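Undergrad: generate coordinates for the sequence data below:
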Amino acid sequence: MSDRQALSAKQKHIHALRSVAGLLEWDEQVFLPPDSSDQRQDQSAAMAKVLHAAETDPEIETLLQRLENASPNPSGDPVLRDARIEYDRATKLPASWVENHARLCSEAYHAWARARQNNDFASFAPYLQRHVDLAKERAESLGWGERPYDLQIDLHDPGIDAATIDRLFSELKEDLAPLAQEILDSPIKARPDIFRGFPIPEQKAFLEDVTSSLGFNYKRGRIDISLHPFCSGNGADTRMTTRFHEDNPLDSLFSSIHETGHGLYEQGLPLDSLHNALGQAAGMGVHESQSRLWENQVSRSRSFWKHYEPKLRTAFPEQLEAISSDDLYLAINAVGRTPIRVDADEVTYNLHVIVRFEIERRLFSGELSVNELPEYWNTQYQELLGITPANDAEGVLQDVHWSGGAFGYFPSYCLGNMLAAQLWYTALEQLPGLEDDFARGEFKRLLDWLGQAVHRHGARYHLLELSKKATGSSLSPKFLIRYLKERYLPLYRE
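TA: Okay, here's the model as predicted:
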């Protein structure tokens, strides 16, 4: 067996353990009985310990050294590059840290769910503080002690730091804030309240038809129900979740399409390389670009609904009988103030993300304490979105991410929106008649194009480099602003 084959065998073993750990996390949010969380904490901690032992196997260091010495450019080999980063980070982290982190993620998730249900941030605050402390401990161990938040960002989007995000977000906010204000002030108002009494079984059947038509392979994936929609797993076994409300069918539909975008990316990665960088995602910003493109640019377009409106009316004839096509399309593209990020429209969504970025940056710099979060959160929402959450459940407790210590993840949503817009305009240029495809219910040309432009590369290129490779341009908010103006101003100008 060659050194390359031996390293690959080690990576396949690690990948198998990670996928098992991922299934434990998925099950915890989907099927775990409510009083069984204590056992899941032990299981997650035990699994993390086993995984960490595999990741820090000294034989990997020996193999990496030999392969790096034999390579003329090891940093240019994505498999060696990422394997080195992962090994060095794993060996610098004590096993006790890994075990404590896994246990805390399980414990804090249930504490967050209870706190949100009871509108009780104080009960969740100690868990959040422990996550911040553990994140700073990890930064110290990995040599990022002076830049703990930059490490959190890098864990989700390699090569990105807070300064880069601040520059992009500042440029975006300069144009986005007045655009959002113009649309919010428009006398034309969508009416999302027109939806009433949509049976959940029919909703489920409709969204499964839509998501399979987009290209999701249900023979290697499934969709279930969870408190907060998410997608996990990989191309060999992709797990998605959504949630249902009888009076809000668009929530389950677009949540499902969003997660399908993640799923299509995972299923588009090279299946024989899932254990190394060539078969793994390029980062969460790229991941979010795929989910947001399918959810927004594709599925909120007129051409998409030219095909799916008749199907929706067939599925829900009584519920839609009094709703005109214009009112339906305006509701699909409704713009309004909401305190809830996942309910936000495309125009205001990125303002929600900017608030979270500013909070996380201050939390890690020490300018903001955990106990000050609710008040600061509400102040920022009033300043940037003109709305104050009614309580902590629809404010600082609304997102699941912090319960898993996923600091630095929120900026990925906005970075993904920027890349999605760039990919969209590139695809329109390179695929003439693309929107006519959607009107016929055909999405394969776009999926194949994304497969060539994004999916097939795995993590060979990270966000900033991939943007240039796929679109010919550096990542910029100007494409997103252009898209929002072209999509929404015709709807909201008299």
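Undergrad: which elements pack onto the helix or strand harbouring residue 469?
TA: Using DSSP states H and E, residue 469 sits in helix 463-471. Judged by 3 or more C-beta pairs under 8 Å, 6 or more residues apart in numbering; DSSP states H and E, helix 463-471 is in contact with helix 284-292, helix 410-430. Quick note: C-beta positions are derived from backbone N, CA and C, even for glycine.
Undergrad: at 6 Å instead, please
TA: Using 3 or more C-beta pairs under 6 Å, 6 or more residues apart in numbering; DSSP states H and E as the contact test, the elements touching helix 463-471 are helix 410-430.
Undergrad: any idea of the mean pLDDT for the helix it packs on?
TA: For helix 410-430, mean pLDDT is 98.
Undergrad: show the subsequent helix or strand relative to that helix.
TA: Following helix 410-430 in sequence, per DSSP H and E, is helix 434-439.
Undergrad: residues of that following helix that come out buried?
TA: For helix 434-439, burial by neighbour count (16 or more other C-beta atoms under 10 Å) applies to 434, 435, 437, 438, 439.
Undergrad: can you point me to the longest helix in this structure?
TA: helix 3-30 (DSSP state H).
Undergrad: what helices or strands is the worst-scoring helix or strand of the chain on mean pLDDT leaning on?
TA: Across the helices and strands of the chain, mean pLDDT, DSSP states H and E gives its lowest value to helix 37-55, namely a mean of 92. The helices and strands touching helix 37-55, judged by 3+ C-beta pairs under 6 Å, 6+ apart, are helix 3-30, helix 95-118.
Undergrad: right, so those helices: which one is the most enclosed?
TA: Of those, the one with the most neighbours on average (mean count of other C-beta atoms under 10 Å) is helix 95-118, at a mean of 19.
Undergrad: what distance separates it from the middle of the whole chain?
TA: Computed by C-alpha atoms, centre = their mean, to the nearest Å, the separation of helix 95-118 from the middle of its chain amounts to 20 Å.
Undergrad: repeat for stretch 52-61
TA: Taking C-alpha atoms, centre = their mean, the mean C-alpha location of stretch 52-61 is offset from the chain mean by 29 Å.
Undergrad: any idea how many residues pack against residue 301?
TA: Close neighbours of residue 301, defined as other C-beta atoms under 10 Å, add up to 18.
Undergrad: how about it, what does it touch?
TA: Contacts for residue 301 (C-beta atoms under 6 Å, 6 or more residues apart in numbering) come out as none.
Undergrad: at 10 Å instead, please
TA: Counting by C-beta atoms under 10 Å, 6 or more residues apart in numbering, residue 301 makes contact with 329, 332, 333, 424, 435, 438, 439, 487.
Undergrad: now residue 408: closest residue in space, sequence neighbours ignored.
TA: Among residues not flanking residue 408 along the chain, residue 152 sits closest, at 3.2 Å (C-beta to C-beta, 6 or more residues apart in numbering).
Undergrad: okay but the one you found is in contact with residue 142, surely?
TA: No - counting by C-beta atoms under 10 Å, residue 152 sits too far from residue 142 to count as a contact (11.1 Å).
Undergrad: so between these two, which is more surrounded?
TA: Set residue 152 next to residue 142 and count neighbours by other C-beta under 10 Å: residue 152 wins out with 24 against 17.
Undergrad: which strands or helices does the helix or strand that contains that one pack on?
TA: Using DSSP H and E, residue 152 sits in helix 148-156. If you count contacts as 3 or more C-beta pairs under 10 Å, 6 or more residues apart in numbering; DSSP states H and E, helix 148-156 packs onto helix 78-92, helix 121-141, helix 162-184, helix 284-292, helix 346-365, helix 410-430.
Undergrad: export stretch 290-301 to PDB, keeping only CA atoms.
TA: Taking Å, rounded to 0.1, in the frame of the first residue of the first chain, the C-alpha atoms of stretch 290-301 are listed here in PDB:
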ATOM      1  CA  GLN A 290     -26.300  26.900  -3.100                       C
ATOM      2  CA  SER A 291     -29.200  26.900  -0.700                       C
ATOM      3  CA  ARG A 292     -30.000  30.500  -1.200                       C
ATOM      4  CA  LEU A 293     -29.800  30.400  -5.000                       C
ATOM      5  CA  TRP A 294     -32.400  27.600  -5.200                       C
ATOM      6  CA  GLU A 295     -34.600  29.100  -2.600                       C
ATOM      7  CA  ASN A 296     -34.600  32.600  -3.900                       C
ATOM      8  CA  GLN A 297     -33.300  33.300  -7.400                       C
ATOM      9  CA  VAL A 298     -34.900  30.100  -8.700                       C
ATOM     10  CA  SER A 299     -37.900  29.400  -6.600                       C
ATOM     11  CA  ARG A 300     -39.200  32.900  -6.100                       C
ATOM     12  CA  SER A 301     -39.000  33.700  -9.800                       C
END
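Undergrad: and that stretch, how far out from the chain middle?
TA: That offset, for stretch 290-301, works out to 14 Å (C-alpha atoms, centre = their mean).
Undergrad: now for residue 88: which residues touch it?
TA: By C-beta under 10 Å, 6+ apart, the residues touching residue 88 are 61, 64, 142, 143.
Undergrad: which pLDDT does the model give the third one?
TA: Looking at residue 142, its pLDDT reads 97.
Undergrad: ditto for residue 228
TA: On the pLDDT scale, residue 228 is placed at 81.
Undergrad: quick thing: my sequence starts at 26, can you match it?
TA: Got it, first residue is 26 now, which makes that one residue 253.
Undergrad: okay, now the closest residue to it other than its chain neighbours: neighbour count?
TA: The shortest distance from residue 253 to any non-neighbouring residue, by C-beta to C-beta, 6+ apart, is to residue 425 (4.4 Å). Neighbourhood size, residue 425 [other C-beta under 10 Å]: 20.
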